[in-house]
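# fold the following and give me the result.
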Amino acid sequence: MKILLINGPNLNLLGRREKNIYGDQPFESYFKDLQAKYPQLELSYFQSNVEGKLINQLHTCGFSYDGIIINAGAYTHTSVALRDAIAGINTPVVEVHISNILTRENFRHESLIGPVCVGSIMGFGLDSYRLGVESFLKS
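Residues are numbered from 1 along each chain as shown. Sure thing, here's the model as predicted:
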């Protein structure tokens, strides 16, 4: 099973950025832990701060992977283009967020991508990604 994890803008700063919200573990080390936990899976990872690169990655992998887990960061709340890219591919996509976006600023309460994803997971820290992986193993 091939699963792609995609992180959007500013998530390259995990472990250094707003530790009270996002924790102090860099994503790269967490990703290595995930790979070790699921050796039977082909897990890959892509991060970009550029909306178009995220869209291109969805287009590239969205017809050949078994699942995509996306944390679109702030694009969650603003990007119709990212929503359209998710809607246009065959691979099921799970939306994840490290924090519970519903307990944060009002502008973060609406997800434009959520309605075109098979599910949303939020508020469990980096473990939200593991829960996303588990959702594909259960289906």
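
# those helices in the chain, which residues are they?
Taking DSSP state H to define them, one finds helices in the chain at 19-22, 27-37, 51-61, 80-87, 127-138.

# quick one: closest of those helices to Asn12.
helix 27-37 (7.6 Å; C-beta to C-beta). (C-beta placed from N, C-alpha, C; glycine too.)

# so what's Phe27 closest to, chain neighbours aside?
Leu14 (4.5 Å; C-beta to C-beta, 6 or more residues apart in numbering).

# correction: the previous question concerned Thr76.
Spatial nearest neighbour of Thr76, excluding adjacent residues (C-beta to C-beta, 6+ apart): Ser111 at 5.0 Å.

# returning to that earlier point: using TSV, please lay out the helices of the chain together with mean pLDDT, distance to Ser44 and mean neighbour count.
Compiled in TSV, the helices of the chain are given as follows (pLDDT from 0 to 100; distance: least, C-beta to C-beta, whole Å; neighbours: other C-beta atoms under 10 Å):
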stretch	mean pLDDT	distance to Ser44	mean neighbour count
helix 19-22	67	22	12
helix 27-37	95	9	15
helix 51-61	98	8	17
helix 80-87	98	17	18
helix 127-138	96	12	17
